[in-house]
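*Asks:* need coordinates for the following:
(2 chains)
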Amino acid sequence: MAHKKHKNTHKGAALLFCLFSLLFFVLVFRFVELQATGVADGQVLAVKAEEMHKKKRTIEAKRGTILDRHGEVLAEDTPSYTLIAVLDPKMTTDPSNPKHVVDPEMTARKLAPLLHMDVSEAEHILKKKAKQVEFGVYGRDISYELKKKIEALKLPGIGFIRDTKRFYPNGTFASYVIGYAQKKGENGDKTVGMMGLEKSLNRYLREKDGYVLFEGDKEGFRLPETKERIVPPDNGDEVYLTIDQKIQTFLEDAMNQAEKKYQPKKIIAIVANPKTGEILAMGTRPSFDPNQRNITNYLNDAISYPYEPGSTMKIFTLAAAINEGVYNGNELYRSGSYRVGPNEIRDHNKVGWGVISFNEGVQRSSNVAFAKLVHEKLGEDRFLQYLYRFHFQEKTGIDLPGEAVGNIVYRYPIEKLTTAFGQGTSVTPIQQIQAATAIANGGKMMKPYVVDRIVDPDTKKVVFKNEPEAVGEPITKETAQKVLDILETVVTSEKGTGRPYQIEGYRVAGKTGTAQIPSPKGGYLTGYENYIFSFLGMAPKENPQLIMYVAVQQPKLSYTETGAAPVSMIFNSVMKNSLQYLNIHPSSDKTEQTFSKKGVELPSYAGQTVEAALQDLKSKGLQPIVLGEGKQVEAQLPLAGGEVIASERIILKTSGTATMPDLRGWSLRDVMKVVELLHIKPSIKGSGYVVTQSIRPKTTVKENDYLIVELAAPSKWKERIEKEKGKKVKKREQPVD
Amino acid sequence: MIELEKRKVVVLEERVPKLKERRRQKVNRRLTAYISFFFMLILLIIYFQSPLSNVRHIEVKGNQHVSDRKVIELSGLTGRTSFWRVKAEKVERAIEHHPEVKMVTLKKIFPNTIVLYVKERRRVAYIKHKQAFFPILENGQILTKHTSETALSDAPILVDWKEGEDIQEMAGQLAKLPPYILNSISEIHYTPRSQDKYHITVYMNDGFEVSANVQNFAEKMLLYPSIVKQLNPNVKGVIHLEVSNYFKAYDEEKKGDGDEKDSR
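*Replies:* Sure, this is the predicted structure:
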């Protein structure tokens, strides 16, 4: 019995042994095969594994911000929220803490007022047979504040999805310049510019989302010690405008007040810097809030509404006559009416002022004076040339979309003369601003622009930079000065039409305009208010820093008011506030330079661009000297933190090869600063101020070069310089002889 | 009866291992405490014995003329000094022996960094003496050891001065000047006259010459920026600050007419 059992055991063991060996080898074989080929069922396993573990998470990018010249935000992406309601009771696991809408009636009652929707409508949505619902337009673009309010209600099942929204913090503010951007695309996840700069600069502003690829577990958590691949988001470029938020605010406020008081059909206003052509503010009425997009007019009237400008045009006729030397302000003429062929030109008061001088004619805005100027003195052809010189026949090329161009009407003799005082021929406000920069900027006409620079926020690189561009010089500097002188009398003279535009403390030069509006039935509209009242002015007259055009169309005036009332209301407040804000001292105050008793403390310029450093130093009244041709400042003397007095030399060293500055007239100590920065070896003869230097100016200098400098006492310095010059001349002459 | 006995046995059997276990736990806990204490001690000894407790980084801040190395050398601190044995007062005093150092503040930053904030004495001028320049400190001390062939640009240069009382007096005046005025002076020449033995001639960086007196130099020079503001920078000349303040252009001087423009 025992024996038998023994035998069976052996047999069983052998069998089991074979069985497991076989299994073992099969497994080993399969294992080796998989390892060697990496293919199973014709599928590459590595790919499968990666598919299983690879997770992708998007990193949201931001659409480019639009900022004003000082970096104030005008348009940016801000977080917004979309309201959702969970209706599925299955989502609630713990009845004491429900995760779905338990009481639709109550929830609707509480939510509806906050979302500005009907209670019944909200209730209808909340009673839908769905897992989760949204509230359409009412529940989209919810601000953070509103989200907080809704959260405070502690309604079960109500939640939010985070999103971004284009936000315009200033509301109705240069709306036609900035335009607006909106969510577009199939899922509404792409923000696209629809108007203004948002549209025309869309390719700079638009963003590209980035993503992270990584290996994760099924919950989406990253596995430890695995590599991840990050494609960084490409945020949209930041656009800096020439618009000044402060001045634009002055303008918007003034326009709001004028709109409220006079209810005009339109208001158009532009403020620009005549030295550069930078637009500092631009606005029109009616306008819209880009956050709400309550748009009634889709055109930016300041650049795309050509109309007959009226008497502001006389500025350019006057400039042409002065520039051609045919204007004599003291010459007399008979005002009232002027006959040209079959037609008659009349002054705006129909009867004129008797025999007056041309200067008075300008002040009184006499049409006859200008018709006479063109017809008898300037000649129609020469006048046309000037219209071209002032670029009235073409677009200014301002970097805003949708610019229109006026139409020079110049077929019949009468049209040529009406153009002289701004009727018949139409121009846009921006054309007038561009032409007027020539008057305010010593004859140089500057192209207007609103985009200052575009910066990539990720790399801080400047992608695009606008520079002031002179597009012509229609008149000479002297002419510009004379025109300004006469235009000042328009505002100051007792007879001047520009008297309402006087600003206390500043000298304003400008010209009023009253344009007739063509009637759709032909001819012109008649009536006390049916005009476009305008003013084109610049200040301060001595050296205009600001130029401004305001036009108000068909305001509702009481019979005691003139058309100048709404225009001056805007012009005066904006001009005065802006001049004060820009710290342009009132003209009447003798510019008393109260110098600071203290010295100027130097900041560290290391790492700054040479340009920025130069500008800063010059604004502090110091004398910067740059050694080298690099773009960045490496070192400076005196050191950062040192205090200096005005007109002190500040030596900046840049990267790259250094060149020797012209040291003549420098003090010993200033020379030592250069020596220290360039690491050269000096040999000094004499004392006082430099007369000769062994390394000639503008030659390159290496470390440890020898510099021999001869100095002379200041009282003898001039003679020594003369002598040195004499020597040099002689030396040069010798070989020739 | 049998049942009762049985129960008792069971109870005893249960109780013995429990007691045993409790005792074992007690012993274990004590042992862990001992061991950890022991290791802590060892770690502490290792820390103090190893270079880990030594000063590793010495930072010197605020020095301009005295080199970092010199300051560290004076401090006596090395990489072998224990961080815990650094006595702030002693180190500060050691460094302050240097004539150019006005004040030192030592700060320890755990685990092994020492920061030395150095405040130097201002150099108010350099004296030129036979092709060598000696710095003068604000306290009037002349550094004879620190000569250099070139003057640095951080202070004006005294020319033609004989050592002694005069230099001390001048240094005292210069120390009173605010830095922005001191920075605008290039050279100070000692030019005594028969009636004025303290007369000096000063060359400014901006090209003006100043004729002044040692005794009231600091007081008068305070007016310099406001005087220059009113002058035409292209007409060079002498600004007289001896008694009354006035400006005299070189050209006028040459013509010999005594037309003096009062600059005030």
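*Asks:* mind naming the longest strand for chain A?
*Replies:* For chain A, the longest strand by residue count, based on DSSP state E, is strand A:73-86.
*Asks:* which of the residues in it are buried?
*Replies:* Neighbour-count burial for strand A:73-86 flags A:73, A:74, A:75, A:76, A:77, A:80, A:81, A:82, A:83, A:84, A:85, A:86 (criterion: 16 or more other C-beta atoms under 10 Å in any protein chain shown). All C-beta atoms are positioned from the backbone trio N, CA, C, and that covers glycine.
*Asks:* what's the helix or strand just after it in contact with?
*Replies:* With elements assigned by DSSP states H and E, the helix or strand that comes after strand A:73-86 is helix A:104-115. For helix A:104-115, contacts defined as C-beta atoms under 8 Å, 6 or more residues apart in numbering or on different chains pick out A:83, A:85, A:101, A:118-123, A:125-127, A:135, A:138-139, A:146, A:149-150, A:153, A:155, A:157-158.
*Asks:* what of stretch A:243-256?
*Replies:* In contact with stretch A:243-256 (C-beta under 8 Å, 6+ apart) are residues A:68-70, A:72, A:74, A:170, A:172-174, A:177, A:267, A:269, A:271, A:279-283, A:285, A:287, A:450, A:569-570, A:573-574, A:577-578, A:581.
*Asks:* low pLDDT regions in the stretch 151-300 of chain A?
*Replies:* A:185-189, A:218-220, A:225 (pLDDT under 70).
*Asks:* what mean pLDDT does stretch B:48-57 have?
*Replies:* With pLDDT averaged residue by residue, stretch B:48-57 scores 82.
*Asks:* ok now that stretch, how far from the chain's centre?
*Replies:* On the basis of C-alpha atoms, centre = their mean, to the nearest Å, stretch B:48-57 is displaced by 27 Å from the centre of the chain it belongs to.
*Asks:* and what of stretch A:617-630?
*Replies:* Going by C-alpha atoms, centre = their mean, where stretch A:617-630 is centred and where its chain is centred differ by 27 Å.
*Asks:* list the buried residues of it.
*Replies:* Buried, per 16+ other C-beta under 10 Å, within stretch A:617-630: A:617, A:620, A:622, A:624, A:625, A:626, A:627, A:628, A:630.
*Asks:* what helix or strand is residue 26 on?
*Replies:* Just going to use chain A. Using DSSP H and E, residue A:26 falls in helix A:2-37.
*Asks:* hmm, I had chain B in mind actually
*Replies:* Per DSSP H and E: helix B:2-49 holds residue B:26.
*Asks:* next secondary structure after that helix?
*Replies:* Downstream of helix B:2-49, the next assigned helix or strand under DSSP H and E is strand B:57-61.
*Asks:* which helices and strands does that next one pack with?
*Replies:* The contact analysis (3 or more C-beta pairs under 8 Å, 6 or more residues apart in numbering or on different chains; DSSP states H and E) places strand B:57-61 against helix B:68-75, strand B:113-120.
*Asks:* tell me the contacts of the residue in chain B positioned nearest to chain A?
*Replies:* Chain A sits closest to residue B:180 of chain B, with a gap of 2.3 Å, by C-beta to the nearest C-beta. Contacts for residue B:180 (C-beta under 8 Å, 6+ apart) come out as A:598, A:599, A:600, A:643, A:644, A:645, B:225.
*Asks:* so, in contact with chain A or not, stretch B:204-219?
*Replies:* Yes - against chain A, stretch B:204-219 shows contacts by C-beta under 8 Å from any C-beta of the partner chain at B:204, B:205, B:206, B:207, B:208, B:209.
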